[in-house]
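Asker: Kindly return the folded structure for what I paste below:
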Amino acid sequence: MRRFAIFAIFVFCAVLGMAQKWTNYTHKNSGLIGNNILAVTSDKRGNLWVGTTQGLNKFSNGQWTDYADFNEKLKDQFVNCLVADGNTLWIGTDDYGVIEFNGNRWFEHDEETRRMNMKYIRDIAIDHAGVKWIGVTLSGFVEYDGVNWNKYSASDSELLSDFILCVVIDNRDRKWIGTNDGLCVYDGRKWTAYTTKNSKLPHNICLSLAIDNDNVKWIGTLEGLCRYDGENWKVFNIDNSPIPGNQINDLTIEAEGNLGMATNEGVAVFDRNEHWDVFGAGLVLPKCMFQNITIDRQGDIWIGTDERGLY
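Answerer: This next block holds a predicted model:
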């Protein structure tokens, strides 16, 4: 029976591998400027933007563009997060804070970066009024409405920690903020905190967040994935589900509402009927750290790794 089970798994993986078409882009075989992928997003024009430890790439119509050729600050720069907002790309960097690019002009915020210690940008989210909410590693949570800048820190607000890891906005414009010390929610006046002590959050290090079409919150932690609908919590881990790994590094929601996740042991897509498509490390994909995931308008899955480039 055990031999049959092993054989069945082997056949399933082989069929899955044949059914899927995978392409691996690396620095050696393409115009990708670095193999350590920190951020991936697509814009409304169908361009794919890739942030690496070596700068910023665009992939469009089969061609790669290195944006250090247009802005020297992006040369060998850690590009940690990318958000496409209409025709503007918001770029979060290590050394130069937030950079805006509208396709023709660059807008940099050097003075605010120095004044608010906004280096090491980790994540950016944009609310329904167009306000930017910026998570900064070691330096708190920054609000930018296009004119004014405001900063929240653990010392002057109920923010759990200044070590921000991820930010998303729900349909009521509440800010959900993942930190290394739990999950915070800010509605513009009131703060709410969720930790392992007052919720079923499986770990206080919240690495990733996503909100689906039903306004359900998905929280990726160091010890599993958590679903929270405002009342009920449900945890998915390697012991109770097909999830490939417990360290949930990134989450994305595609157009039909399916949830994509990048973990330390592979990637998966999870639909509303609780059907899993799992691509495990060492089976379909190589053994490495899967750091980020996005699903483009065509339904293609793009996966960034820490050393093997982009899949």
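Asker: Surely residue 238 touches residue 263?
Answerer: No. Assessed by Cβ atoms under 8 Å, residue 238 is found out of contact with residue 263, at 9.3 Å. (C-beta placed from N, C-alpha, C; glycine too.)
Asker: So which residues of the protein form helices?
Answerer: Counting by DSSP state H, one finds helices in the chain at the ranges 2-19, 110-115.
Asker: averaging pLDDT over each of these, which comes out lowest?
Answerer: Among the helices of the chain, helix 2-19 carries the lowest mean pLDDT, a mean of 38.
Asker: Look up how far residue 27 lies from the spatially most central residue of the chain.
Answerer: Central residue of the chain (Cα atoms, centre = their mean): residue 250, 4.3 Å from the mean position. Per Cβ to Cβ, to the nearest Å, residue 250 is found 21 Å from residue 27.
Asker: Ok, residue 87 next?
Answerer: 29 Å.
Asker: what does residue 56 give?
Answerer: 14 Å.
Asker: now do residue 168
Answerer: Residue 168 is 31 Å from residue 27, by Cβ to Cβ.
Asker: what does residue 49 give?
Answerer: From residue 49 to residue 27 the distance is 17 Å (Cβ to Cβ).
Asker: who's more crowded, those two?
Answerer: residue 49 (24 against 14; other Cβ atoms under 10 Å).
Asker: Surely the more buried one is in contact with residue 38?
Answerer: No. The pair residue 49 / residue 38 is not scored as a contact, 11.4 Å apart, by Cβ under 8 Å.
Asker: what do residue 238 and residue 263 both touch?
Answerer: 244-246 (Cβ atoms under 8 Å, 6 or more residues apart in numbering).
Asker: just the buried members of these?
Answerer: With neighbours counted by 16 or more other Cβ atoms under 10 Å, the shared contacts of residue 238 and residue 263 contain buried members at 244-246.
Asker: Switch those over to CSV, and while doing so, append pLDDT and distance to residue 189 to every line.
Answerer: Below are those laid out as CSV (pLDDT from 0 to 100; distance: Cβ to Cβ, whole Å):
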residue, pLDDT, distance to residue 189
244, 96, 40
245, 97, 38
246, 98, 35
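Asker: Right, I'll leave it there.
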